[in-house]
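# fold the following for me, if possible:
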Amino acid sequence: MGVMVSRPGTEEENVTPTWDDIDADALRETMRFSGALSEVEAINLALRVYAARHRSRAEAGRERERRIAQRRAS
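Numbering: from 1, shown residues only. Okay, the predicted model is just below:
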């Protein structure tokens, strides 16, 4: 399945439309669970959720390391 996605480019609006292969089943499931009304909305939502989840894990890891360093310094 091809879905139009935007990538930074050199055009006037700094966006170049591109077609990429997207897993159709995963996209349908994402749309169903999220209530997204368009494929682009579902893809953007999935990317935001993925980034937020991994950002949270990274922050938790940094906090854990900070606490370990504090204990060692005490």
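
# which helix is the longest one in the chain?
helix 39-73 (DSSP state H).

# now that one: how far from the chain's centre is it?
Relative to the chain's own centre, helix 39-73 is displaced by 12 Å; criterion: Cα atoms, centre = their mean, to the nearest Å.

# give the buried residues for it.
Across helix 39-73, burial judged by 16 or more other Cβ atoms under 10 Å covers Glu39, Ala42, Ile43, Leu45, Ala46. Just so you know, the C-beta spots here come from the backbone N, C-alpha and C atoms, and that holds for glycine as well.

# state the distance from the fourth one to Ala58.
The reference is to Leu45. For Leu45, the distance to Ala58 equals 20 Å [Cβ to Cβ, to the nearest Å].

# and the average pLDDT for the longest helix of the chain is what?
For helix 39-73, mean pLDDT rounds to 91.

# output the contacting helices and strands for it.
Where contact means 3 or more Cβ pairs under 8 Å, 6 or more residues apart in numbering; DSSP states H and E, helix 39-73 is packed against strand 2-8, helix 24-34.

# mean pLDDT lowest for which of the ones you listed?
Going by mean pLDDT, the lowest-scoring of the helices and strands packed on helix 39-73 is strand 2-8, which has a mean of 56.

# start to end distance for stretch 27-46?
Stretch 27-46 stretches 9 Å from its first residue to its last (Cα to Cα, to the nearest Å).

# what's the spacing between that stretch and its chain's center?
Centroid separation for stretch 27-46 versus its chain: 12 Å, with Cα atoms, centre = their mean.

# picking up where we left off before, what angle separates the longest helix of the chain from helix 24-34?
Orientation check (axes from the mean of the first three to the mean of the last three Cα atoms, to 10 degrees): helix 39-73 against helix 24-34 gives 80 degrees.
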